[in-house]
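Participant: Dropping the sequence and predicted coords here.
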Amino acid sequence: QSALSQPQRLEGLTGVWLDNQKVAALGIKCKRWVTQHGLAVNVESQCLSNFRGIVPCGLEGKQVTCVNHHLPSAANTNTEASTTTTTTKSSLTVAEFGKFIQEAFEEIFCVELVDVTENDIYKNRSSNNK
């Protein structure tokens, strides 16, 4: 279950939005009977520096954000020291977020993703061509 604000689509705009800021993009291209696709999600705040000086996705006046900026704060209360409360922001690494994406993909499409190497792919191609 996600602790994020509810992601949404904005009318007439591409991508996934959180609080009116773009957090993700999905691209699909078809050319000469070949399809290509990609998913980009801004997870860590350091990725946002890549957008300085450019207009992301050609969306003038729109801001980009990252998942970690929208995670709830985790309040840590020390009950022994009466009123001491420290608030820290939760954060995810790209690898941790990738695991969530994998789990969601597997659940939605009823599949199990497995790790393969490039050699595994070519090995399977050559055995299928015999």
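Facilitator: The structure has been received and is ready for your questions. Residues are numbered from 1 along each chain as shown.

Participant: and the gap between Val111 and Ile121?
Facilitator: Look at Val111 and Ile121: by CB to CB, to the nearest Å, they are 17 Å apart. Quick note: C-beta positions are derived from backbone N, CA and C, even for glycine.

Participant: List the residue ranges of the protein that fall below the pLDDT cut-off.
Facilitator: Across the chain, the ranges flagged by pLDDT under 70 are 1-5, 73-89, 124-130.

Participant: Would you map the strands across it?
Facilitator: Per DSSP state E, the chain carries strands over the ranges 16-18, 21-31, 34-41, 63-64, 73-77, 85-89.

Participant: What are the contacting residues of the second one?
Facilitator: Residues outside strand 21-31 that contact it (CB atoms under 8 Å, 6 or more residues apart in numbering) are 7, 13-17, 35-42, 56-57, 59, 62-67, 70.

Participant: Quick test: name the residue nearest the centre of this structure.
Facilitator: Nearest to the mean C-alpha position of the chain, by CA atoms, centre = their mean, lies Val41 at 3.3 Å.
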